[in-house]
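In: Would you be able to build a 3D model of this:
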Amino acid sequence: MPVNVLPTMPLKPLSRISPSRYSALRLCALREIWTAGKQPPLLPVSPSARLGMTAHKLLELTFAGQLKDEESMLQCWENEIRNHELEMRNNILEKHLVPLALNTNNYKVKQIMTFNIVRILLREFNIQTKKVRKAETELWVQTKDEKIGGKIDSVKYADDGIYIIDYKTGAITDYFSNDNLVKEEYQEQLKIYAGLYYESHGVWPVKLILIGLDKREYDIPFNHEECLNLLNDAKSHFDKLNKLITSGLDSTDFAAPSQAACRYCVYRPACNKYWTNREGNEQWPADFAGVVVEKKVLGNGLLKIVVENGEKKITIRGLSPERYPFLTKNMQEAMFCNLGRDTVQSYFKETPMTTGYSLS
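Out: Have a look, this model is predicted:
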């Protein structure tokens, strides 16, 4: 893919829907189709997200019995961070975000929280209790038709029944809820796993539990009918989407722009429906596309440009020529995403997550 040029994004039929992506699929099918098709992200993966992946990898390896002590835990963390940073250095969208330790909010706090929960898990594995007779980790479950499937973090077989446990490295409760409720997508994910476990093993779990890095446990209430309904709904989505994809519909037919769906979507630069439906207010991402009508090199070597689209005109300052090499050439149209809002209306500035593309 040429640097700073939007690639072609084909639509490929889904091979499977995972419980962890079910809610996101209903929010915007296009994003999930591109994700499942392994299309390259068009915006940088946030350092916080990469730290979350690292934390979850440590939990996964702990479940699998590959982390056994303090030394292996520390070594695993270093290896995972090193691998992420190597990938980032080879990506023009992210190489400026290395090292992660300096570009991630609360890096040390999240590292300590991850280590603490790994230590708790290691202690649990080394203590035999009467309540838990057996435990399985990273247990694969799927429907008989293989349309829905995924790995359960941990399944514990206790005297009173089967516990399905999932670990989350990010916020578990809904930020906008006054009742401190677990996010709906996490509740649905655990309920689908319960249905998958039943379909795979013929037995229902008695408890669904979410555990965060703060070590707090959340019991997810559920009933069998609700779990089966969610599972059947996921199968229905799978069949309908693949039928529509193979019928030759355009990407705009699958897009569902909204503040919730688009804010953290790494594919929105290529989503035409996003650009035609988004509203220019602070609830939407600070993105702008248009004609570059003015360009100036500032005294510090950074660029200031003015971009115009119809009656709207914005000024962006502090742009690095190294991150946007297309700005040093003759060009007419450009797109910028993840801008930072400046103190003056219609003025914006570069942030670590800002990404630009040439449209001409």
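In: Give me the contacts around stretch 238-248.
Out: Contacting residues not belonging to stretch 238-248 are listed as 11-14, 16-17, 25, 29, 33, 147-148, 253-254 [Cβ atoms under 8 Å, 6 or more residues apart in numbering]. All C-beta atoms are positioned from the backbone trio N, CA, C, and that covers glycine.
In: Flag every buried residue along it.
Out: Judged by neighbour count (16 or more other Cβ atoms under 10 Å), stretch 238-248 contains these buried residues: 238, 241-242, 244-245.
In: so how far is that stretch from its chain's centroid?
Out: Stretch 238-248 has its C-alpha centroid displaced from the chain centroid by 24 Å (Cα atoms, centre = their mean, to the nearest Å).
In: pretty sure residue 332 contacts residue 289?
Out: No - Residue 332 is not in contact with residue 289 according to Cβ atoms under 8 Å; the separation is 11.7 Å.
In: and for the two, which residues touch both?
Out: Between them, residue 332 and residue 289 share these contacting residues under Cβ under 8 Å, 6+ apart: residue 359.
In: what are the ranges of the strands in the stretch 201-350 of the chain?
Out: The residue ranges that make up the strands of the stretch 201-350 of the chain, judged by DSSP state E, counting those that start in this stretch, are 207-212, 217-219, 288-297, 303-309, 312-319, 333-337, 340-341, 347-349.
In: Residue 244 and residue 5, how far apart?
Out: Between residue 244 and residue 5 the distance is 28 Å, computed by Cβ to Cβ, to the nearest Å.
In: what about the stretch 1-150 of the chain, any weak spots by pLDDT?
Out: Applying pLDDT under 70 to the stretch 1-150 of the chain picks out residues 1-3, 124-133.
In: Which residue comes closest to residue 272 once chain neighbours are left out?
Out: residue 252 (5.5 Å; Cβ to Cβ, 6 or more residues apart in numbering).
In: Tell me where the stretch 51-200 of the chain has helices.
Out: Listed in chain order, the helices found in the stretch 51-200 of the chain under DSSP state H, counting those that start in this stretch are 70-89, 100-103, 107-126, 184-201.
In: In the first one, which residues are buried?
Out: Of the residues in helix 70-89, those buried by neighbour count under the rule 16+ other Cβ under 10 Å are 72-73, 76-77, 80-81, 84-85, 88.
In: Check the offset of that helix from the chain's centre.
Out: 20 Å.
In: quick one, it and helix 107-126 angle?
Out: Here the directions of helix 70-89 and helix 107-126 differ by 140 degrees (axes from the mean of the first three to the mean of the last three Cα atoms, to 10 degrees).
In: now do the last one
Out: Angle, helix 184-201 to helix 107-126, by the same axes, to 10 degrees: 30 degrees.
In: Give me the contact list for helix 184-201.
Out: If you take Cβ under 8 Å, 6+ apart as the criterion, helix 184-201 is touched by 19-20, 22-24, 141-144, 148-150, 152, 155, 162, 164, 166, 168, 172, 174, 203-205, 208, 210, 220, 222, 224, 226-228, 230-231, 234.
In: re the thing from before, more neighbours, residue 332 and residue 289?
Out: Neighbour comparison, residue 332 and residue 289: the larger count goes to residue 289, with 16 against 11 (by other Cβ atoms under 10 Å).
In: Point to the residue nearest the middle of the chain.
Out: When the chain is reduced to its mean C-alpha position, the nearest residue by Cα atoms, centre = their mean turns out to be residue 49, at 6.8 Å.
In: Could you list every helix and strand in contact with whichever strand or helix holds it?
Out: Taking DSSP states H and E as the criterion, residue 49 maps to helix 47-63. For helix 47-63, the contact count by 3 or more Cβ pairs under 8 Å, 6 or more residues apart in numbering; DSSP states H and E identifies helix 70-89, helix 100-103, helix 107-126, strand 132-142, strand 149-158 as packing neighbours.
In: related to what we said a few turns ago, next step: the buried residues of stretch 238-248 restricted to helices.
Out: Of the positions in the buried residues of stretch 238-248, 238, 241-242, 244-245 sit in helices, assigned by DSSP state H.
In: Relative to residue 114, which of these is nearest.
Out: The shortest gap between residue 114 and any of those belongs to residue 238, at 33.7 Å (Cβ to Cβ).
In: can you give me the angle the helix holding residue 49 makes with helix 107-126?
Out: Here helix 47-63 points in a direction 10 degrees away from that of helix 107-126 (the same axes, to 10 degrees).
In: quick one: buried residues of helix 47-63?
Out: With burial defined by 16+ other Cβ under 10 Å, the residues of helix 47-63 counted as buried are 47-52, 54-63.
In: Check the burial of residue 322 by counting its neighbours.
Out: 11.
In: separation between the residue nearest to residue 138 when sequence neighbours are not counted and residue 49?
Out: Closest residue in space to residue 138, ignoring its immediate chain neighbours: residue 151 at 4.9 Å, by Cβ to Cβ, 6+ apart. Applying Cβ to Cβ, one obtains 19 Å for the distance of residue 151 from residue 49.
In: again with residue 94
Out: In this structure, residue 94 and residue 49 are separated by 11 Å, where distance is defined by Cβ to Cβ.
In: just residue 171 next, same as before
Out: Distance, residue 171 to residue 49, using Cβ to Cβ: 13 Å.
In: Taking strand 207-212 as reference, get the angle to the helix holding residue 49.
Out: For helix 47-63 against strand 207-212, the angle by the same axes, to 10 degrees is 130 degrees.
In: CA atoms only for helix 47-63, dumped as CSV, please.
Out: The C-alpha coordinates for helix 47-63 follow below in CSV (Å, rounded to 0.1, in the frame of the first residue of the first chain):
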residue,chain,number,x,y,z
PRO,A,47,-1.1,2.3,22.9
SER,A,48,-3.6,1.6,25.6
ALA,A,49,-5.2,-1.1,23.4
ARG,A,50,-1.8,-2.7,22.8
LEU,A,51,-1.2,-2.7,26.6
GLY,A,52,-4.6,-4.4,27.0
MET,A,53,-3.5,-7.1,24.5
THR,A,54,-0.3,-7.6,26.4
ALA,A,55,-2.2,-8.0,29.7
HIS,A,56,-4.6,-10.4,28.2
LYS,A,57,-1.8,-12.5,26.7
LEU,A,58,-0.2,-12.8,30.2
LEU,A,59,-3.6,-14.0,31.6
GLU,A,60,-4.0,-16.5,28.6
LEU,A,61,-0.5,-18.0,29.2
THR,A,62,-1.1,-18.2,33.0
PHE,A,63,-4.3,-20.1,32.3
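In: Since that was my last question, I'll sign off now.
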